[in-house]
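Q: build me a model:
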Amino acid sequence: MEKKILSFFVMMLFLATTTYTSIGHTNNNIGSSFAEVLDQSQTWEDVCQFIPDSEWQEFKPTIDNLNRVEVKVAQWFGGSPDMELTVEKPLGNVLTSRKVAAINIPSGSCGWVSFNVPDITLIIGASYYIRVIAPLGSEYGWGLASNNLYSQGISSKDPADWCFKTYGNYDPTIPGLTFSIVEFMLPEQPPAAGTGWGLLEVDIDELTSHFQLKEGYLNVYTNDGWVIPNMYINQVDGMERLSTYFRYHSSPNSGPEMAPKISAYIDFDDGPKESFQDGDRVDYQLDEVLYYAEGFSLEPRLQLSNPPPVFEFFPFIDTWDFTKPLRKGENIQAAKNQCAPMGVANSLQYLENSYSTITIPHNHVKGQDGDSSLVGQLDEAMGRYVVSRTNGDGCDVPMIFDGKFKYLQDNGIEDTMCHKFQGNQHFGATPGDYSAYGSTAKDESVNNKVTFNWIKEQLEMCEDVEVGIKWGGGGGHMVRIYGCGKTLGKPYLRYAHDRTQAHPGPGGTIAGDNVGLETAQVYVEDLDGDGMMNWGSIDDEIVFAIAESPIRLIIKDIWSQIGIYALLKNEADEDVTVNWEINIDAMFMFMGRTTSDTDEIASGEELTIKTGMIFGFGPATITVTVNDLKETYECFLLGPLALGIK
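A: The predicted model follows:
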């Protein structure tokens, strides 16, 4: 990647009037809120020059609008007709103008006069012209500086430049960033504000386009310190936005009122930072979002977790990212406490989208409790207690396994995928493989825990992964993982879920059923040293992870001796039963047209399948079918031999 540092430094503007003293100045400073700012100027005066008719000054803006122009002028006759100022592009084509009476112009010597012209839109870097018009019968002068002090344009007295200032409105906030206060909803309690949690949502296209970078690292410093450290932003198919949660107050419930804005210093460039200090701040408006994401476990969440800490980084070189594309339908709105069946449904939809060997018979849309949707079928299979979209319980680990495996068996697809998991000590999980309804999930836990390397390995094999999070205040949540990485050695995960599940709204309505879907990123460093990954907060931990993949059979080779031979390999993590067939289609085929059988292939092992004696002549097509895998080859039959198989 071409090395390019494009940090965004936000400067506080000091708006001067008559005391501005810079020479030939191009001002790129911006204010701390949407406001008028000085753009172009030339303020040095060698002489207050008489204007016999009109004079003009070229300028090139760095702001895309103009709302005011100041010129340093004088009048020597109080009865002069009004002075007129125009802005033209090109010369002679007036874009905006304003007149000022002689009585409002300094007498005797030049002074600054403001012309509040009607606002116009400008093209940054293009040439525009300020013209001051002295009508017949007037006596006006304009401050003039010799020696070409303004380098961005010429004038009617070139190489001299006239005295001027241009102003425009500038929004210093970086496009594509939305900050929010996070309110949490706990069972039987109203939404809790002042929680100490904030949310940043990034529109990836807007941010990267603004900085002209395809990828980079976003850092944010607020009153609480370096609250968003090295958030990796890159362009991934289907990932239009990326969110992260951060510490908004130094401690939960630290004030009776929440500020409507957040003051932040923001930097985005193409490399991660080992340290990050405060800089010039910009105020961002704060939205509000409701976080209500529960259902991994049968117990409720009774207490909020502490917000994420401020991290420290060290000069490690271990920085990488692996993120899978997201496709339509792989993250759907969830009912109350439905995260477990929804996580499994999202995963099954991913597998169907990714592999032709897997067909899921139910559509993945919103649903519940046995209806025709995929998640509704899983609801019923898991035995989740459901009254309505706003009234239902969660699921523990045995319910998740049993329901998932039952759904696969009921729909005749249990032999199309294999399963494994880590984490066997929480929410009903126990050590050892878990078998039910014709499927087995292999326990690959490391010291009974979930490891980052295991999740990484599954993702890199394009398997799907869901993780179960145990909230520090009780209960838990389940999300689908679609990416992972490290920044200077700090591990993170990318996940998709519904942060605002359906819940009761005013007057018996359903709230939260059309908002809250997000793709987010979280650091998962072990903050408390217990060997378990924390989920951003020191109070929350990843206690369970399950991965699914298609049962992967490949045809490694095919050849001919006396008959046709094919070498199969089982690359799945479990033994596979294979129904296979070799069919030979030729115009002159006298023996051995079709051979079929059923065999077992152990995990990681190979199997050679073969026909009996064949006999034919001429061009032929060989079709090898192994379960849902089908490969076709061309050859030339010469009696019992197949020549040139390809």
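Q: the longest helix in this structure is where?
A: Longest helix in the chain, counting residues (DSSP state H): helix 339-354.
Q: and the helix or strand just after that one, what's buried?
A: Sequence order places helix 374-382 as the next helix or strand after helix 339-354, per DSSP states H and E. Neighbour-count burial for helix 374-382 flags 374, 375, 376, 377, 378, 379, 380, 381, 382 (criterion: 16 or more other Cβ atoms under 10 Å). The way it works is simple: take the backbone N, C-alpha and C, and place the C-beta from them, glycine included.
Q: got it, and stretch 294-301?
A: Applying 16+ other Cβ under 10 Å to stretch 294-301 flags 294, 295, 296, 297, 298, 300, 301 as buried.
Q: same question for stretch 359-367.
A: 360, 362, 364, 366, 367.
Q: what does stretch 45-60 give?
A: Quick answer for stretch 45-60 (16+ other Cβ under 10 Å): 45, 48, 49, 51, 55, 56, 57, 58, 59, 60.
Q: show me the strands in the stretch 401-550 of the chain, by range?
A: For the stretch 401-550 of the chain, the strands defined by DSSP state E, counting those that start in this stretch occupy 417-422, 434-436, 439-443, 464-470, 476-487, 490-498, 503-504, 510-511, 517-523, 541-550.
Q: pass me the low-pLDDT residue ranges in the chain, would you?
A: 1-34, 188, 190-193, 250-259, 573, 628 (pLDDT under 70).
Q: follow-up on the earlier one: secondary structure and distance to residue 243 for the buried residues of stretch 294-301 - can I get that in TSV?
A: Below are the buried residues of stretch 294-301 laid out as TSV (DSSP: H, G, I helix; E, B strand; the rest coil; distance: Cβ to Cβ, whole Å):
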residue	secondary structure	distance to residue 243
294	coil	18
295	coil	20
296	strand	20
297	coil	24
298	coil	28
300	coil	25
301	coil	20
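Q: got TSV for those, with distance to residue 225 too?
A: What follows is those, written out as TSV (distance: Cβ to Cβ, whole Å):
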residue	distance to residue 225
294	30
295	33
296	31
297	33
298	38
300	32
301	27
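Q: which non-adjacent residue is nearest residue 69?
A: residue 115 (4.9 Å; Cβ to Cβ, 6 or more residues apart in numbering).
Q: can I get the longest helix of the chain in PDB, CA atoms only?
A: Listed next in PDB are the C-alpha coordinates belonging to helix 339-354 (Å, rounded to 0.1, in the frame of the first residue of the first chain):
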ATOM      1  CA  CYS A 339     -30.000 -14.500  20.000                       C
ATOM      2  CA  ALA A 340     -29.100 -18.200  20.200                       C
ATOM      3  CA  PRO A 341     -31.500 -19.500  17.500                       C
ATOM      4  CA  MET A 342     -30.900 -16.400  15.500                       C
ATOM      5  CA  GLY A 343     -27.100 -16.900  15.700                       C
ATOM      6  CA  VAL A 344     -27.500 -20.500  14.400                       C
ATOM      7  CA  ALA A 345     -29.900 -19.400  11.700                       C
ATOM      8  CA  ASN A 346     -27.500 -16.700  10.500                       C
ATOM      9  CA  SER A 347     -24.800 -19.300  10.400                       C
ATOM     10  CA  LEU A 348     -26.900 -21.800   8.400                       C
ATOM     11  CA  GLN A 349     -27.700 -19.100   6.000                       C
ATOM     12  CA  TYR A 350     -24.000 -18.300   5.600                       C
ATOM     13  CA  LEU A 351     -23.300 -21.900   4.800                       C
ATOM     14  CA  GLU A 352     -26.100 -22.100   2.200                       C
ATOM     15  CA  ASN A 353     -24.800 -18.900   0.600                       C
ATOM     16  CA  SER A 354     -21.200 -20.200   0.500                       C
END
